[in-house]
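*Asks:* what would the 3D arrangement of this be:
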Amino acid sequence: MPTAFLRTLRSFETDTFGRSALILSLGAAILGGWGAWCVLGRITLYEISDSARLEVDRANYAVQSPMLGRITATYLSLGRQVMPGDPLVELDASAQRLQLREEQTRLAVVTPQLESLRRQVAAEDSAREDERRATESAVEEARARTRQSEAPAQYNSAEEKRLRELRDLGLIAQREYEKGRADALETQRSVEREKIAVERIGREQRTRETDREARIRGLHTEISRLEGQAATSRAIISTLQNEIELRVIRAPIAGKLAEAAILRVGAVLKEGDKIGVIVPGGKVIVVAQFSPPAALGRVAPGQSAQVRLEGFPWMQWGTVPAVVERVAGEVRDGAVRVELGIDTSGNVRIPLQHGLPGTAEVAVERISPASLILRTAGSLLAAPRSAYAVSPQP
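*Replies:* Model (predicted):
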C-alpha cells in the first residue's frame with residue numbers, strides 16, 4: 001500500500017508540472033503577441049458627427065411674399081421644376097389695374113393733343129418765314145418806288161432854283177415860278193410818302209412778329225404743360241406696372257420646389273410669409289455638424305469618411321463613401337460645420353437626394369493600440385473642462 005501511494009503521488013506531481021509549463025508557455029505567447037500588436041499594430045480612429053445631412057452645394061432659396069395681399073392664383077406643387085421667372089403665386093392687383101387703365105387713357109388723350117399743338121407751332125413758324133419773305137419783298141418794292149421818285153424830285157428842286165433866279169432877274173413871270181415851285185414840292189412829298197411807306201411796312205411786320213411770337217409762346221407753354229402731364233402719367237404707369245408685377249411672386253432661380261405652403265385662393269398672405277423653398281440643381285454634398293473638441297484640429301480636408309443614412313440600414317444598403325472638403329474655422333451654435341464630397345466612383349446603391357439625414361464617420365488618424373491606451377489614460381487623469389461647454393443660464 002505505501003509503495004503504490006508513493007508511485008501515484010509522483011505521477012501526479014510529474015503531470016502537474018508539465019501542464020503548468022504548457023499553460024505558462026501559452027500565456028506568455030498570448031501576452032507577447034498582444035504586446036506586439038499593441039506596439040506594432042495600427043487601428044483607425046473615427047470622429048462621428050452629431051448630425052449630417054445631404055444638401056446641394058448651392059444654397060437653397062426660401063421664397064417669401066414681398067407684401068400683404070389676397071391670393072388670386074397659386075401654382076405651388078411639391079417637386080415641381082421651375083425656371084427663373086415662373087409664377088408661383090399671384091396676389092390681387094385689381095385696384096392697380098383699374099388705375100393703370102385710367103392713366104393709360106389719360107395718356108392716350110394727351111398724346112394727340114401734343115401732336116396737334118406741335119403741328120400748330122410748325123405752321124406758325126412756317127407762316128412767320130413766309131411773312132418775313134413777303135415783308136422783305138414789300139420793303140424792297142417800296143424802296144424802289146422811293147428811289148424812282150427821288151430823281152424827279154431832284155430835277156424839280158433844281159428847276160425851282162433856276163426859276164427863282166430867272167424870276168429875280170425879271171425874265172419870267174411870278175406865275176411860272178410858282179408853278180415850278182409847286183411841282184418841286186409835289187415830287188418831294190411823293191418821296192417822303194414812299195419813305196413813310198417803307199417805315200410803315202417795317203412797323204407792321206414787327207407788330208405781326210410780336211403777335212406771332214406771343215401765340216408761339218402760348219403754344220409752347222401748353223405743350224410743356226401737356227408734356228409734364230404725359231411724363232407724370234408715364235411715371236404713374238411704370239409704378240403701377242411695377243406694383244402689379246410685384247404681386248406676381250415668381251421663382252428667382254431654377255430648381256425644384258422642395259417645400260410648398262398650402263395656400264388657397266382667397267387667403268391672405270402677409271409680408272414676409274414663406275411660401276416655399278427652391279432647391280437648385282447641383283452636386284449633392286454631405287454637411288455634418290461635429291462637436292468642437294472632436295472636430296477642431298482633428299478633422300481636416302482630404303480625410304476619408306463614411307456616411308450612414310437614416311432609413312437605409314447600412315447592413316443592407318451599405319455606406320456612402322465621402323472625403324472631407326471643407327472644415328469651418330469657427331464654432332457656430334455649439335458645433336463645427338464640415339462639408340464632405342461624395343465619392344461617386346464606388347457603387348453607391350442609395351439614391352442621393354437633398355435633405356436625407358444621417359451621420360458621418362471621419363477617419364482622423366491611425367495609431368497603435370498602446371498609444372491609444374496611453375492617450376485614454378492621460379485623458380482620464382487630466383480630464384480638463386471643455387472650453388465649449390455651455391454654461392447654464394440663470
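
*Asks:* measure residue 222 to residue 234 for me?
*Replies:* 19 Å (C-beta to C-beta, to the nearest Å). For glycine as for every other residue, the C-beta is placed from the backbone atoms N, C-alpha and C.

*Asks:* nope, residue 63 is what I meant
*Replies:* Per C-beta to C-beta, residue 63 is found 31 Å from residue 234.

*Asks:* more neighbours: the two, which one.
*Replies:* residue 63 (24 against 13; other C-beta atoms under 10 Å).

*Asks:* mind checking the SS state of the residue nearest in space to the middle of the chain?
*Replies:* The chain has residue 252 as the residue nearest its centroid, 10.0 Å off, counting by C-alpha atoms, centre = their mean. Here residue 252 is coil, with the state taken from DSSP: H, G, I helix; E, B strand; the rest coil.

*Asks:* where does the stretch 1-150 of the chain dip in pLDDT?
*Replies:* 1-22, 34, 37-42, 57, 59 (pLDDT under 70).

*Asks:* can you show me the strands along it?
*Replies:* Remark: strands assigned in the stretch 1-150 of the chain by DSSP state E, counting those that start in this stretch are 43-48, 51-56, 61-64, 69-74, 81-82, 87-91.

*Asks:* the fifth one pairs with which strands, parallel or anti?
*Replies:* In other words, strand 81-82. strand 255-260 (antiparallel) (DSSP bridges).

*Asks:* can you name the next helix or strand after the strand it pairs with?
*Replies:* Per DSSP states H and E, the first helix or strand lying C-terminal to strand 255-260 is strand 268-269.

*Asks:* all helices of the stretch 201-350 of the chain, in order?
*Replies:* Taking DSSP state H, counting those that start in this stretch as the criterion, the stretch 201-350 of the chain carries its helices at 292-295, 314-317.

*Asks:* out of those, which comes closest to residue 326?
*Replies:* For the helices of the stretch 201-350 of the chain, the distance to residue 326 is smallest for helix 292-295, at 12.0 Å, taking C-beta to C-beta.

*Asks:* kindly export the closest one (C-alpha atoms) in PDB.
*Replies:* Output in PDB follows, covering the C-alpha atoms of helix 292-295 (Å, rounded to 0.1, in the frame of the first residue of the first chain):
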ATOM      1  CA  PRO A 292     -15.900  71.400 -31.300                       C
ATOM      2  CA  PRO A 293     -13.400  69.300 -29.200                       C
ATOM      3  CA  ALA A 294     -13.800  66.400 -31.600                       C
ATOM      4  CA  ALA A 295     -13.600  68.400 -34.900                       C
END
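
*Asks:* who does the top helix by length along the chain touch, helix- and strand-wise?
*Replies:* The single longest helix within the chain, with elements called by DSSP state H, is helix 94-168. Here helix 94-168 touches helix 174-246, going by 3 or more C-beta pairs under 8 Å, 6 or more residues apart in numbering; DSSP states H and E.

*Asks:* report the angle between the helix it packs on and strand 87-91.
*Replies:* 110 degrees (axes from the mean of the first three to the mean of the last three C-alpha atoms, to 10 degrees).

*Asks:* next, the angle from helix 174-246 to strand 69-74.
*Replies:* Going by the same axes, to 10 degrees, helix 174-246 makes 70 degrees with strand 69-74.

*Asks:* and helix 174-246, what other elements does it pack with?
*Replies:* helix 94-168.

*Asks:* give me the distance from the helix it packs on to the chain's centre.
*Replies:* 58 Å (C-alpha atoms, centre = their mean, to the nearest Å).

*Asks:* just want the angle from it to strand 69-74.
*Replies:* With the same axes, to 10 degrees defining the directions, helix 94-168 sits at 100 degrees from strand 69-74.

*Asks:* how many neighbours does residue 93 have?
*Replies:* If you count neighbours by other C-beta under 10 Å, residue 93 ends up with 19.

*Asks:* residue 325 is nearest to which of the strands of the stretch 1-150 of the chain?
*Replies:* Per C-beta to C-beta, nearest to residue 325 of those: strand 51-56, 12.7 Å.

*Asks:* ok, the closest one: who's next to it in the sheet?
*Replies:* Sheet pairing of strand 51-56 (DSSP bridges) gives strand 284-290 (antiparallel), strand 357-367 (antiparallel).
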